[in-house]
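J.: Based on what follows, work out the 3D shape:
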Amino acid sequence: MTLPASLPAVPRLRAITTTIDDPGPLQDFLPPHGASAWFHREDGVIGLGVAARCDVASLAQADAWWRAVVAAMPEESRADDLPSGVGPLAFGSFAFDATHTHRTSVLVVPEVVLGSRDGHHWMTRIALADRPLPSAALPPRTQSPVGPGPVAWSDGAMSGPDWEETVATAVRRIADGRLQKVVLARDVVASTRSVIDPRWLVARLAPRYPRCWTFWVDDMVGATPEMLVRVDQGLVTSRVLAGTIWRGAMGPKRRTTGETGRRSAEDTLSSSAIAEVLSQSEKNLGEHTLAVESVARALAPHCTSMNVPETPYVLELPNVMHLATDVNAAVRPGTTALALAAALHPSAAVCGTPTDVARATIAEIEGLDRGRYSGPVGWIDSHGNGEWAIALRCGRLLPDGRSMQLFAGCGIVADSEPANELGESNAKLVPMRDALEEQRD
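T.: Numbering: from 1, shown residues only. Next comes the predicted model:
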């Protein structure tokens, strides 16, 4: 395989994977730095230390690098007889638009991987071929994280009213026929008294959002509800979310949410009533259809069969509800999860339709460097299986250690109302705001 000249040299790694007894909560082994984490319901996998790291400009480059790393491993290191996700793997976080950001994308291969799935537990130790492997003993548990103390909030690139004007600009362009949908993001900044420990955020998010994928990769932390693509032994799943309603958004008691994402008033309708409104909304159904069609088109060349449900279901989360569709397919042999992520990203759910026009519109009017927000985040194993979600409901830990940039985005279509979109973005900020602000129970 010939690699692009811009890629780092391919390291020669070796790995050993062993079954272990139930280690207890994996979060207990996370240090405050130099770790990766991925949790969903009762399952999880964490990475400790760094055996290798690759900073790249694209998903395609990352896929080429990881294929080369795996090819250079001794055959016994590749975990041929083990299930998906068990054995050597790499965690990754990728930019939304590499042409309009100062941020690079990254793949990190840990020195130690601890995993738990369906009652099975394992440890993988990884090292350069000419160096000793990490100890076979279970890593020590670390001290519990503490909260960052009081949090001060400020606007990011735009104030709430300015962002509403940007939404209005997008609606006018849609009315002019330039595009059908565009997803606009906004950010707010949290400043804290003490250093922000990413373990504190993971510990708050994972139990509160078990239907989401809680992640910590490099400096990105969040709990995303949207799975861009999962590949497991030849089976492909992509969860499409588009069309949202937030709790407290309906009824006469609703109050306007603050510009920096304060929680809205308590629900004035039951969850079932709100879900019914969402599932019958022409605006949300139209937005959802565009997103599902974009995923199906992108997957088709890489799959031998596909099942696309005719109608979406309602995914209910503590802060919002989404229209959701799970697209399932059979992948063509040799196609990796990273290759599929490259084909799918950016979908209409995070960019818009048509893709090129929406991406150009975002770069022109959004006024924000998204970095890795709304880009793929997840992991890939030595056989190309993996889970790549979209980095939503998340934030970036800033270099000073005491501040964090939080992000939220909304799909803008012809009948979008700027004030409602601002309210929706505030609701989407709630998980990260609460994770930062609330003290341990």
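J.: So residue 295, which state does it fall into?
T.: helix (DSSP: H, G, I helix; E, B strand; the rest coil).
J.: Could you give the number of residues near it?
T.: For residue 295, the neighbour count with other Cβ atoms under 10 Å is 25. Where C-beta positions appear, they are placed from N, C-alpha and C, glycine not excepted.
J.: Equivalent analysis for residue 146, please.
T.: The burial count for residue 146: 13, using other Cβ under 10 Å.
J.: again, but for residue 235
T.: Counted with other Cβ under 10 Å, residue 235 comes out at 13.
J.: Give me the distance from stretch 185-195 to the chain's centre.
T.: Offset of stretch 185-195 from its chain centre (Cα atoms, centre = their mean, to the nearest Å): 19 Å.
J.: Could you list the buried residues of it?
T.: Neighbour-count burial for stretch 185-195 flags 185-192 (criterion: 16 or more other Cβ atoms under 10 Å).
J.: Can you lay out the residues you listed as JSON lines showing secondary structure, distance to residue 96 and pLDDT?
T.: Compiled in JSON lines, the buried residues of stretch 185-195 are given as follows (DSSP: H, G, I helix; E, B strand; the rest coil; distance: Cβ to Cβ, whole Å; pLDDT from 0 to 100):
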{"residue": "185", "secondary structure": "strand", "distance to residue 96": "8", "pLDDT": "98"}
{"residue": "186", "secondary structure": "strand", "distance to residue 96": "14", "pLDDT": "98"}
{"residue": "187", "secondary structure": "strand", "distance to residue 96": "13", "pLDDT": "98"}
{"residue": "188", "secondary structure": "strand", "distance to residue 96": "18", "pLDDT": "98"}
{"residue": "189", "secondary structure": "strand", "distance to residue 96": "19", "pLDDT": "98"}
{"residue": "190", "secondary structure": "strand", "distance to residue 96": "21", "pLDDT": "98"}
{"residue": "191", "secondary structure": "strand", "distance to residue 96": "24", "pLDDT": "97"}
{"residue": "192", "secondary structure": "strand", "distance to residue 96": "26", "pLDDT": "96"}
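J.: TSV for the residues you listed, including distance to residue 142?
T.: Converted to TSV, those look like this (distance: Cβ to Cβ, whole Å):
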residue	distance to residue 142
185	34
186	35
187	30
188	30
189	28
190	24
191	26
192	21
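J.: Out of the residues you listed, which comes closest to residue 412?
T.: residue 185 (10.8 Å; Cβ to Cβ).
J.: check contacts around the closest one.
T.: Contacts for residue 185 were tallied using Cβ atoms under 8 Å, 6 or more residues apart in numbering; they are 362, 366, 368, 370, 373-374, 407-409.
J.: Pull out the buried residues from the lowest-mean-pLDDT helix or strand in the chain.
T.: Among the helical and strand segments of the chain, the one scoring lowest on mean pLDDT, DSSP states H and E is helix 271-279, with a mean of 86. Under the neighbour-count criterion of 16+ other Cβ under 10 Å, helix 271-279 has 274-275, 278-279 buried.
J.: okay, and for the stretch 301-441 of the chain, where does confidence drop off?
T.: 438-441 (pLDDT under 70).
J.: how about the strands in it?
T.: 303-307, 313-316, 320-331, 352-353, 376-381, 386-390, 394-397, 403-412 (DSSP state E, counting those that start in this stretch).
J.: What strands flank the last one, and is each parallel or antiparallel?
T.: Meaning strand 403-412. strand 181-192 (antiparallel), strand 394-397 (antiparallel) (DSSP bridges).
J.: Minimum distance to residue 108: which of those strands has it?
T.: Of these, nearest to residue 108 by Cβ to Cβ is strand 394-397, at 15.0 Å.
J.: center of this structure, which residue is that?
T.: The centre of the chain sits closest to residue 391, judged by Cα atoms, centre = their mean, with a distance of 2.4 Å.
J.: Now do that one against residue 68, distance only.
T.: Between residue 391 and residue 68 the computed distance is 25 Å (Cβ to Cβ, to the nearest Å).
J.: likewise residue 104?
T.: Taking Cβ to Cβ, one finds residue 104 at 19 Å from residue 68.
J.: With residue 137 instead?
T.: The gap separating residue 137 from residue 68 is 31 Å, by Cβ to Cβ.
J.: In terms of neighbours, single out the busier of these two.
T.: A direct count of neighbours by other Cβ under 10 Å for residue 137 and residue 68 places residue 68 higher, at 17 against 7.
J.: Show me the strands in the stretch 151-300 of the chain, by range?
T.: Using DSSP E, counting those that start in this stretch, strands in the stretch 151-300 of the chain cover 151-155, 181-192, 213-217, 220-224, 227-232, 235-246.
J.: looking at those, which is buried most?
T.: strand 213-217 (a mean of 28; mean count of other Cβ atoms under 10 Å).
J.: which secondary structure elements does that strand contact?
T.: Here strand 213-217 touches strand 35-40, strand 89-93, helix 198-208, strand 220-224, strand 376-381, strand 386-390, going by 3 or more Cβ pairs under 8 Å, 6 or more residues apart in numbering; DSSP states H and E.
J.: Leaving out chain neighbours, which residue sits closest to residue 11?
T.: residue 52 (4.5 Å; Cβ to Cβ, 6 or more residues apart in numbering).
J.: Next, the contact list for that neighbour, please.
T.: By Cβ under 8 Å, 6+ apart, the residues touching residue 52 are 11, 13, 69, 108-109, 128.
J.: Which ones among the residues you listed lie within strands?
T.: 13, 108-109, 128 (DSSP state E).
J.: Using CSV, lay out these together with distance to residue 221, neighbour count and pLDDT.
T.: Shown next, in CSV, are these (distance: Cβ to Cβ, whole Å; neighbours: other Cβ atoms under 10 Å; pLDDT from 0 to 100):
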residue, distance to residue 221, neighbour count, pLDDT
13, 26, 21, 97
108, 14, 23, 97
109, 20, 23, 98
128, 28, 14, 97
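J.: for the residues you listed, which one is nearest residue 227?
T.: Closest to residue 227, out of all of the ones in strands among the contacts of residue 52 and judged by Cβ to Cβ, is residue 108, at 20.2 Å.
J.: Would you enumerate the residues in contact with the closest one?
T.: 36, 47, 50, 52-53, 90-92, 217-218.
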